[in-house]
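[1] here is a sequence together with a model predicted from it:
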Amino acid sequence: MISKSPAMARTLVMAAILAIVPMVSELGHAQAAAPSYGVPDFTDLVEKTSPAVVNIRTTERVRQGGSQDDDMAEFFRRFFGVPMPGAPAPRRGQPPQGQGQGQGQGQGEEMNRGVGSGFIISQDGYVMTNTHVVADADTIYVTLPDKREFKAKLIGSDKRTDVALIKIEATGLPKLPLGDSDKVRAGEWVLAIGSPFGLDNSVTAGIVSAKGRDTGDYLPFIQTDVAVNPGNSGGPLINLRGEVIGINSQIYSRSGGYMGISFAIPIDEAMRVVEQLKATGKVTRGRIAVAIGEVTKEVADSLGLGRARGALVGSVEPGGPAERAGVEPGDIILKFNGRDIERASDLPRMVGDTKPGSRVPMQVWRKGATRELTITVVELEQDNKPKARASSSPRDDGGTAAKPNALGLIVNDLNEARLKELKIKSGVEVDTVDGPALRAGIRPGDIILRLGDTDVTSARQFNDMVRALDKNRLAALFVRRGDATQVLTLRPGSNASR
């Protein structure tokens, strides 16, 4: 055993301390360099933005009466902002009966319909809100945080996007700057200001949960966990820079109140609508007259597309823009006007944003290859002809197979009259369904147009193609039912009925 003097021991201790100090220093620097994820202080942001957030109150004229039903209806209007269950809807344009308060004979009494929120976007009094906040109102009142109240004029509203623009006669108003909703990132802090349950200028905060939530035809909603309740509708969703990135519009709820998920209309989408409302009082959208569906991974694999993308054409309206451009049921639209289509819901937004009368390029996937088409977009409201539907007629029994094939199908040829009636060039009609086809949902009377990349021309040819299918791979079957065509993927089997 080696003994050490006190002096030597002290020397060793000091050496150890000197060795540890740089390590502690480096650790401290590393901790200082780590990003901080603390909750931000919203006080200055709220003080800056809240003066431009308004309360919106709507009223309607109703006939006077002292019955119990009238009292109950007023209770529902005042406390819940909705009509009494079972009550008939008031008829617009018919003068209410009774005498209003200071309005003269025959004007009716002014009753509250509901409350909501909005925000000022210009110093001369333009206010954005939701369509459902101001819909069917006889009078719209806007109350500013400084307690000034104005009657507002409805400039225009759009039910499809739930965006409305109203105007109050005032100048020098505070306004909110608009942000870029395309730059919104999941996880960033946001806050909502509004009037939940009529409680003016209430502030709630949270984070962006997701982007591009498809809950409507024309809107990729911003999903947040910000507490939003009835009365918040139409209020702004604000980022940490004080910019509006969305309009609070919907909540997911099983109780009628907030349950942790809320949705906001992206401000970029809303402004496209507002610009049209301000200019003309209405929104004009494009239309190409197709019904579409999602492209699943199975469909993409079976058609050699590589990955699931695009919009699958289920039906093409006879005489519509798509038919004139050469679009066929079963096509997958990959690009519209130079923009990629990742999900089917992308296409209606792209088409809707296109000016009617425009000729735009469109790329489709058909029979294992891309095709370039040019389509003329028409106005949505003007080109709404009823879709033709195929009617039933006696089937031609020629070519019937003796037993179900490997897909579980017995099919019949179609005669010329039936093909002309269905407005198709070729196909076979399903007579009997079993096995894989039954599990896939095919029904007797369905029309099979294509197997993979090959058009079906006869029952014999179809059965020959089925016999040649690889039982280890999915087969894509183009099936028409009524006026819609769907692509079903089936795996050939040997368990069809004999």
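    Everything's here; your move.
[2] where's the residue lying closest to residue 302 once chain neighbours are set aside, which helix or strand?
    Closest residue to residue 302 apart from its sequence neighbours, by C-beta to C-beta, 6 or more residues apart in numbering: residue 476 at 3.8 Å. C-beta: built from backbone N, CA, C; applies to glycine. Using DSSP states H and E, residue 476 sits within strand 475-481.
[3] pull the CA atoms of that strand into PDB?
    The C-alpha trace of strand 475-481 is given here as PDB (Å, rounded to 0.1, in the frame of the first residue of the first chain):
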ATOM      1  CA  ALA A 475     -56.200  -6.800 -60.900                       C
ATOM      2  CA  ALA A 476     -57.900  -3.400 -61.600                       C
ATOM      3  CA  LEU A 477     -61.500  -3.700 -62.800                       C
ATOM      4  CA  PHE A 478     -63.300  -0.600 -64.200                       C
ATOM      5  CA  VAL A 479     -66.900  -1.000 -63.200                       C
ATOM      6  CA  ARG A 480     -69.800   1.300 -64.200                       C
ATOM      7  CA  ARG A 481     -72.900   1.500 -62.100                       C
END
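[4] tell me the mean pLDDT for that strand?
    For strand 475-481, the mean per-residue pLDDT is 89.
[5] go on, stretch 113-121?
    Computed over stretch 113-121, the average pLDDT equals 92.
[6] what's the strand holding residue 476 packed up against?
    helix 297-302, strand 447-451, strand 484-490 (3 or more C-beta pairs under 8 Å, 6 or more residues apart in numbering; DSSP states H and E).
[7] could you chop this structure up by domain?
    Domains of the chain are assigned by automatic domain parsing as 48-82+105-167, 181-280, 286-379, 409-490.
[8] please tabulate those in CSV, including the columns mean neighbour count and distance to residue 42.
    Shown next, in CSV, are the domains of the chain (neighbours: other C-beta atoms under 10 Å; distance: least, C-beta to C-beta, whole Å):
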stretch, mean neighbour count, distance to residue 42
domain 48-82+105-167, 18, 10
domain 181-280, 20, 6
domain 286-379, 19, 32
domain 409-490, 18, 49
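[9] find the residue ranges of the stretch 201-350 of the chain scoring beneath the pLDDT cut-off.
    215-218, 253-257 (pLDDT under 70).
[10] tell me the phi and psi of residue 183?
    As for residue 183, its main-chain torsions (degrees, to the nearest 10) stand at phi -90, psi 0.
[11] how close does residue 310 get to residue 347?
    8 Å (C-beta to C-beta, to the nearest Å).
[12] next one: residue 407
    30 Å.
[13] what of residue 376?
    16 Å.
[14] CSV for the helices and strands packed on strand 475-481, including distance to residue 271?
    Shown next, in CSV, are the helices and strands packed on strand 475-481 (distance: least, C-beta to C-beta, whole Å):
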stretch, distance to residue 271
helix 297-302, 35
strand 447-451, 43
strand 484-490, 35
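[15] and these: which comes nearest residue 198?
    strand 484-490 (46.1 Å; C-beta to C-beta).
[16] what's the spacing between the closest one and its chain's center?
    24 Å (C-alpha atoms, centre = their mean, to the nearest Å).
[17] can you check what angle separates it from strand 447-451?
    Here the directions of strand 484-490 and strand 447-451 differ by 60 degrees (axes from the mean of the first three to the mean of the last three C-alpha atoms, to 10 degrees).
[18] can I get strand 484-490 in CSV, CA atoms only?
    Listed next in CSV are the C-alpha coordinates belonging to strand 484-490 (Å, rounded to 0.1, in the frame of the first residue of the first chain):
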residue,chain,number,x,y,z
ALA,A,484,-70.5,6.5,-62.2
THR,A,485,-67.4,4.4,-62.9
GLN,A,486,-65.2,3.0,-60.1
VAL,A,487,-62.0,1.1,-60.1
LEU,A,488,-62.0,-2.0,-57.9
THR,A,489,-59.0,-4.1,-57.2
LEU,A,490,-59.5,-7.9,-57.0
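[19] ok, back up a step: what's the closest of the helices and strands packed on strand 475-481 to residue 40?
    helix 297-302 (40.4 Å).
[20] wait, the residue nearest to residue 302 touches residue 451, no?
    Yes. Counting by C-beta atoms under 8 Å, residue 451 is a contact partner of residue 476 at 7.4 Å.
[21] so residue 60: helix, strand or coil?
    strand (DSSP: H, G, I helix; E, B strand; the rest coil).
[22] excluding chain neighbours, what is closest to it?
    Residue 60's closest residue in space is residue 138 (C-beta to C-beta, 6+ apart), at 4.6 Å.
[23] ok, now which ones touch the one you found?
    By C-beta atoms under 8 Å, 6 or more residues apart in numbering, residue 138 lies in contact with 58-61, 110.
[24] would you reformat these as a markdown table and include pLDDT and distance to residue 277?
    Shown next, in a markdown table, are the contacts of residue 138 (pLDDT from 0 to 100; distance: C-beta to C-beta, whole Å):
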| residue | pLDDT | distance to residue 277 |
| --- | --- | --- |
| 58 | 93 | 18 |
| 59 | 91 | 22 |
| 60 | 86 | 22 |
| 61 | 80 | 25 |
| 110 | 78 | 26 |
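[25] which one of those is nearest to residue 469?
    For these, the nearest to residue 469 is residue 58 (61.9 Å; C-beta to C-beta).
[26] do I have it right that that closest one meets residue 143?
    No. Contact criterion C-beta under 8 Å: residue 58 and residue 143 do not qualify, at 11.9 Å.
[27] between the two, which contacts overlap?
    What both residue 58 and residue 143 touch, as defined by C-beta under 8 Å, 6+ apart, is an empty set.
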